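Sharing a model prediction with you, sequence too.
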Amino acid sequence: MLRKSIAAAALAAFVIGVVSGAAADDKPLEPWERKENHVKPPKDSPLDYLVSGYWFRTPKTRALQDDDFENPAFLWVETAEIEWTKVDGKAGKACASCHQTAEKSMKGVSARYPVYSARDKKLIAVQHQVNHCRKNYMKAKTWKWESDKMLGMAAYIGLQSRGMPVNVSIDGPARPFFEAGKAFYHERRGQFDLACKHCHQANFGQYIRADFLSQGHSNGFPTYRLKWQKLGSLHRRFRGCNNNIRAIPYKRGSPEYTNLELYLAWRGLGLKVETPSVRQ
Ligand code: HEC
Ligand code: HEC
């Protein structure tokens, strides 16, 4: 009980302004409140409706995402497109040697990742598989999670699923990983003793300091953040959200964050993939 009230106080200290959820008749609904921007949540979802982080951003930020020529993320995507056909490593292969055109072979891939890998006996994200291909099939150096090359490749692969609904599997061998991600999402942590749900489930549509809270979905990642002035991974975002509440962040690509990635994808099941999105 005491813990609860401390967390409530911490959150109250964070949340400074409230945007009316049920808008008065004379006030037009915010884009994120409008029914036409809502998606039906999956069975057992804790949310009444799903709405992409896109609709919580300003018209200016949304416009950047809407135009591929204006969207700065495409600088990384274009580099990855060249990388795709470039021979690298001792095996003398390029991605294209085995996967031909990404438009065909990578279509829908990001929409169903992370997946359980029978080979690794664990959950893997797209980035893990890319490095598996580089190391084992190309005999090339692996890429760091947050390197420009990995970010670009993840965005380029993600782009091939753009417009497709997020469609991860949480059944069978993926189940324990899903459950671990779910537990992580609901655990209070850090000096502020807050869980993900306290911000992204209980308080979306409200301001927290200068930030306007969304439902915290993953359908736009990797995303170009104006604040970062570059493309960034979902796991970088997790680290940011952990740091904000003074909690110890995990490593990018860690099992903890990969499990969380699966749970988050399920929370956004049916939302359209927007990669590469633009955020504030
Ligand atoms: C020598 C062949 C080969 C090369 C070169 C190769 N891959 Fe792969 N890739 C595979 C195979 C085989 C699979 C199927 C999974 C497995 O066996 O690891 C795969 C699977 C994948 C998947 C998952 C697809 C899915 O449907 O789940 C991605 C993403 C991927 N590769 C990306 C890349 C990228 C990016 C490169 C270049 C940096 C690359 N691969 C280079 C052979 C290759
Ligand atoms: C103290 C509040 C707070 C907590 C707790 C918090 N976040 Fe966030 N998160 C934010 C803010 C602020 C943003 C930026 C605005 C937005 O998109 O909601 C954000 C953004 C995000 C985004 C990007 C959404 C998009 O569309 O670009 C994701 C994903 C996310 N958070 C996941 C999480 C996860 C997972 C946790 C738990 C580990 C978590 N957050 C905990 C405040 C929080």
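Thanks, I have the structure now. Numbers count the residues shown, from 1 in each chain. Ligands and ions are numbered 1, 2, ... in the order given.

Spatially, what comes nearest to L260 if we skip its sequence neighbours?
Among residues not flanking L260 along the chain, G181 sits closest, at 4.6 Å (C-beta to C-beta, 6 or more residues apart in numbering). C-beta coordinates here come from the backbone N, C-alpha and C atoms, glycine included.

ok but the one you found is inside a strand, no?
No: applying DSSP: H, G, I helix; E, B strand; the rest coil, one finds G181 to be helix, outside a strand.

roughly how far apart are it and ligand 1?
If you measure G181 against ligand 1 using C-beta to the nearest ligand atom, to the nearest Å, the figure is 19 Å.

shouldn't that residue be in contact with Y263?
Yes: G181 sits in contact with Y263 when judged by C-beta atoms under 8 Å, with a separation of 3.1 Å.

Who has more neighbours out of the two?
G181 (27 against 23; other C-beta atoms under 10 Å).

Now do the more buried one, the pLDDT please.
If you check G181, the pLDDT there is 98.

Quick check: phi and psi on the nearest residue in space to R225 that is not next to it in sequence?
Computed as C-beta to C-beta, 6+ apart, the closest residue to R225 that is not its neighbour in sequence is R279, at 5.1 Å. R279 has phi and psi values of phi -130, psi 170 when expressed as degrees, to the nearest 10.

R279 contacts L64, correct?
No: proximity of R279 to L64 does not meet the contact threshold set by C-beta under 8 Å, at 9.5 Å.

The residue nearest to L260 and F238: what is the separation?
Applying C-beta to C-beta, to the nearest Å, the value for G181 to F238 is 11 Å.

Mutual contacts of those two, please.
Shared contacts of G181 and F238, defined by C-beta atoms under 8 Å, 6 or more residues apart in numbering, comprise L260.

just to revisit the earlier point, out of R279 and L64, which sits in the busier spot?
More neighbours surround R279 than the other of R279 and L64, with 21 against 18 (other C-beta under 10 Å).
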